[in-house]
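Asks: okay, structure incoming, though there's no sequence with it:
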């Protein structure tokens, strides 16, 4: 139900606001993605993907429709603004230290890497990508993950 409400830009922006993210966003990265129940953790990772990319579902996008393209750009802009504001809290403290650590299970690390890839390769997140690739600790994290494969 929460994921379906993120289709509305006003609710999406409210949820990612500075005062609300500690209660509504961070619990997904702090605990739900690490739940031993596969259904809970995979649903939490999907929710994190929607929150950080602004992408709801491919079925909702009509090719060639300018209104759906504007909606997609608006949602990506909200997500990008959030990641720029909360880069350290989200990427450094939660994604790198919790979701990509050796303590996280294989599925969590794999899906988190896919999420990180989609975040960094999105044109709206250019500043986030530059912050990420300029950090030597991020390089060390990725190198450790490559060693584990």
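Replies: Nice, I can see it. Here the structure is a predicted model, which means the values were calculated and not measured.

Asks: packing partners of the helix or strand containing residue 109?
Replies: Element membership for residue 109 (DSSP states H and E) is helix 106-120. When contacts are defined as 3 or more Cβ pairs under 8 Å, 6 or more residues apart in numbering; DSSP states H and E, helix 106-120 packs onto helix 38-53, helix 126-133. For the C-beta atoms, the positions are set from N, CA and C on the backbone; glycine is no exception.

Asks: one more time with 10 Å
Replies: With contacts taken as 3 or more Cβ pairs under 10 Å, 6 or more residues apart in numbering; DSSP states H and E, helix 106-120 sits against helix 38-53, helix 66-85, helix 126-133, helix 136-148.

Asks: turn the ones you listed into TSV, columns for mean neighbour count, mean pLDDT and distance to residue 113.
Replies: As requested, these are exported to TSV (neighbours: other Cβ atoms under 10 Å; pLDDT from 0 to 100; distance: least, Cβ to Cβ, whole Å):
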stretch	mean neighbour count	mean pLDDT	distance to residue 113
helix 38-53	18	91	11
helix 66-85	16	90	16
helix 126-133	15	95	13
helix 136-148	12	88	7
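
Asks: which among those is found nearest to residue 105?
Replies: Of all the helices and strands packed on helix 106-120, helix 38-53 sits nearest to residue 105, with 7.9 Å by Cβ to Cβ.

Asks: distance from that closest one to the middle of the chain?
Replies: Put simply, helix 38-53 sits 8 Å off its chain's centre (Cα atoms, centre = their mean, to the nearest Å).

Asks: begin at 38 from now on, thanks
Replies: Got it, first residue is 38 now, which makes that one helix 75-90.

Asks: how about the helix holding residue 146, which residues are buried there?
Replies: 145, 146, 148, 149, 152, 153, 156, 157 (16 or more other Cβ atoms under 10 Å).

Asks: now that helix: mean pLDDT?
Replies: Mean pLDDT, helix 143-157: 92.

Asks: do stretch 57-73 as well
Replies: For stretch 57-73, mean pLDDT rounds to 90.
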